[in-house]
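Student: Fold the following and give me the result.
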Amino acid sequence: MSAISVGDMAQQFRSLRNTGAIKTDLARLSESLSTGKVADVTRQLGGQTAQFSAVQYNLTQLDAYSQVARETQQFLSAIQTVLGQVDSTRSQTADRLLLVNASSTIAQVDEAASSARSAFDTVVTTLNTQIADRALLGGADVTGPPLAAGNTMLSDILTQVGAATDAPTIIAAVDAWFDDPAGGFATLGYLGDTGAPPQRRISESKSVSVDARADNPAIVEILKATALSALADDIPGLDRDTKITLLQTAGQRLFVASSDLVAIQAGIGFSEAGVEQALSETQAQITTLGIVQNDQMLADPFETATRLQAVQLQLETHFSVTARMSQLSLLRYI
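Tutor: I've put the predicted structure just below:
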């Protein structure tokens with residue numbers, strides 16, 4: 001029977017391969033012992049990875065829902081902040097305008113008109129607030145401000161008013177500009193989307209509709225009233241009585257507009273509560289699946305330490321044998 005010998009080069013490659021394999025096992029076991037988790041899940045589960053893959057997939061889905069829910073939560077919170085600021089401006093302006101009466105001096109009337117003009121700009125600027133370059137109150141269109149600049153709208157309203165200097169005509173012109181469905185505010189003032197409100201899926205079974213927009217009738221009423229009061233400052237040549245009428249009318253409208261604005265805020269609050277509940281449920285599912293995943297990946301510390309010692313001994317033995325073999329020489333036997 002003929003013997004088959006292994007050449008020195010082949011022997012060296014085989015030794016290097018064995019060394020690499022043992023070191024790989026040593027690194028894997030060391031990692032498992034230090035992290036408490038197996039490095040090779042497939043080997044740990046004996047190739048039965050269907051349940052593990054399902055858990056991984058569900059965790060990925062839940063993480064995505066959780067991210068959308070958090071973003072929606074921040075978005076709705078920002079809208080509430082904006083509406084709160086608008087309401088604060090509305091309230092302060094209404095209080096100031098309702099103080100104007102027949103006994104007010106022309107200086108007091110002009111001061112109230114000037115502050116009302118500033119209030120209109122403040123409301124417009126507030127409604128145009130953007131978070132992370134995303135408009136809050138433009139519906140599905142988040143790329144730009146939902147409202148035109150205050151000066152732009154007032155200039156067009158002044159064109160609508162024309163040469164009128166009496167209060168009834170001015171009030172009617174302002175109402176017509178804001179209420180016209182085919183012009184005025186609808187085409188020049190509001191720049192956002194007018195389609196269906198965007199839906200945000202915050203869990204597998206729940207979506208939230210973000211329907212607060214700057215063209216909501218309650219918000220339009222506030223814009224209309226503040227614009228009317230601003231005209232008392234913008235239209236030249238108005239007499240004192242006309243200015244008082246415009247300011248008082250605007251103040252009364254701002255006072256009444258409170259309830260409708262509160263209704264919008266209540267709707268946003270209801271959506272916030274739904275998002276909070278969905279987020280809590282999603283986090284509970286993530287926690288539960290995380291426990292299942294950890295159980296699947298958990299490494300037995302005693303078994304891992306025992307195997308690690310065995311591989312260390314194997315590596316030491318391999319090095320010893322390799323060293324002994326490297327010392328073999330024909331000269332020792334001659």
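Student: CA only for contacts and neighbour counts going forward, please
Tutor: Noted.
Student: Run through the strands of the stretch 101-250 of the chain in chain order.
Tutor: Remark: strands assigned in the stretch 101-250 of the chain by DSSP state E, counting those that start in this stretch are 130-131, 134-135, 199-201, 207-209.
Student: Now do the third one: which elements does it pack against?
Tutor: Pointing back at strand 199-201 there. Applying 3 or more C-alpha pairs under 8 Å, 6 or more residues apart in numbering; DSSP states H and E, one finds that strand 199-201 contacts helix 50-98, strand 207-209.
Student: Any buried residues in it, and which?
Tutor: 200-201 (16 or more other C-alpha atoms under 10 Å).
Student: Provide the strand pairings for it, with the direction of each partner.
Tutor: strand 207-209 (antiparallel) (DSSP bridges).
Student: Check what contacts the strand it pairs with and list those residues.
Tutor: 197-202, 271, 274-275 (C-alpha atoms under 8 Å, 6 or more residues apart in numbering).
Student: what residue ranges in this protein are flagged as low confidence?
Tutor: 1-49, 51-52, 293-334 (pLDDT under 70).
Student: do you know how far the residue nearest to the spatial centre of it is from Arg134?
Tutor: Residue closest to the mean C-alpha point of the chain, counted by C-alpha atoms, centre = their mean, is Glu71 at 2.3 Å. Distance, Glu71 to Arg134, by C-alpha to C-alpha, to the nearest Å: 12 Å.
Student: would you list the strands of the stretch 101-250 of the chain in JSON lines and tack on distance to Ala112?
Tutor: Formatted as JSON lines, the strands of the stretch 101-250 of the chain follow (distance: least, C-alpha to C-alpha, whole Å):
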{"stretch": "strand 130-131", "distance to Ala112": "30"}
{"stretch": "strand 134-135", "distance to Ala112": "31"}
{"stretch": "strand 199-201", "distance to Ala112": "42"}
{"stretch": "strand 207-209", "distance to Ala112": "39"}
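Student: which one of those is the most hemmed in?
Tutor: Mean neighbours per residue, mean count of other C-alpha atoms under 10 Å, is largest over the strands of the stretch 101-250 of the chain for strand 134-135, with a mean of 19.
Student: which neighbours does that one have in its sheet, and in what orientation?
Tutor: strand 130-131 (antiparallel).
Student: where along the stretch 151-300 of the chain do the helices fall?
Tutor: 167-179, 217-234, 240-256, 258-297 (DSSP state H, counting those that start in this stretch).
Student: among the ones you listed, which is the most enclosed?
Tutor: helix 217-234 comes out most buried of those by mean count of other C-alpha under 10 Å, with a mean of 24.
Student: just checking, what packs against that one?
Tutor: Here helix 217-234 touches helix 106-127, helix 150-161, helix 167-179, helix 240-256, helix 258-297, going by 3+ C-alpha pairs under 8 Å, 6+ apart.
Student: ok, back up a step: and the contacts of strand 207-209, which is closest to Leu99?
Tutor: Distances from Leu99 to the contacts of strand 207-209, taken as C-alpha to C-alpha, are shortest for Ser271 (37.3 Å).
Student: any idea how far that closest one lies from Lys224?
Tutor: 27 Å.
Student: Also Arg70?
Tutor: In terms of C-alpha to C-alpha, Arg70 sits 34 Å off from Lys224.
Student: Looks like Gly183 contacts Trp177 (just checking).
Tutor: Yes: in this structure, Gly183 is within contact of Trp177 by C-alpha atoms under 8 Å, at 7.2 Å.
Student: contacting residues around Thr187?
Tutor: Neighbours of Thr187 in contact, by C-alpha under 8 Å, 6+ apart: none.
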